[in-house]
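In: Curious how this folds, go ahead:
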Amino acid sequence: MLVLEKNSMTEEIEKLVTKYGKERSALMPILQAIQREHTYIPDFAQQEVARLLDIHPVEVFSVISFYSFLHSVPQGRNIVRLCKTIVCDLAGKEEVEKAVKRELNIEIGQTTKDKKITLEFTNCLGMCDQGPAMMVNDKVFTKLTPEKAVKILKEIR
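Out: Residues are numbered from 1 along each chain as shown. Next comes the predicted model:
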């Protein structure tokens, strides 16, 4: 079965290379597509991307480890990111953070047991005038209260 999964992964990456090209500039969209499908970029996928783009595997891993939105370990289907800027801190982020961690029963950097939600910090969501802010996947929520944050989490579960 593992061989079938690897063959399937290779075929998937070959389609992405056909779509985005073999240039180094195709690396990011290929990695993003793999992550959208699998919630992370497995080691085998990293090796195949490197092989098909004719770059060193370390370069692929370097890109994944540099960008906080790319992951080399499994993530939840939904990524919840809390803004950790001082502005959000001053706006009451600490109470929102406590409520979110309590609701999900996880800490920052962890994934719920059902694999539905991964909780992370992010450096800035660009919503400093509307903090505290949280992003769920690609949607930003602002002016959070602990109650509002918990309601959002219940909706995505």
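In: Nearest residue to Val140 in space, please, no chain neighbours.
Out: Leu125 (5.6 Å; C-beta to C-beta, 6 or more residues apart in numbering). Just so you know, the C-beta spots here come from the backbone N, C-alpha and C atoms, and that holds for glycine as well.
In: Verify the stated contact: the one you found with Arg81.
Out: Yes - under the criterion of C-beta atoms under 8 Å, Leu125 makes contact with Arg81 at 7.5 Å.
In: Now do the shared contacts for these two.
Out: Shared contacts of Leu125 and Arg81, defined by C-beta atoms under 8 Å, 6 or more residues apart in numbering, comprise Met134, Met135.
In: how many other residues sit next to Tyr67?
Out: 12 (other C-beta atoms under 10 Å).
In: same thing with His71?
Out: With other C-beta under 10 Å as criterion, His71 counts 18.
In: which SS class is it?
Out: coil (DSSP: H, G, I helix; E, B strand; the rest coil).
In: show me the contacts for the residue nearest to it when sequence neighbours are not counted.
Out: Excluding its sequence neighbours, the residue lying closest to His71 (C-beta to C-beta, 6+ apart) is Tyr40, at 4.3 Å. Tyr40 makes contacts with His71, Ser72, Val73, Pro74, Gln75, as judged by C-beta under 8 Å, 6+ apart.
In: Sounds good, over and out.
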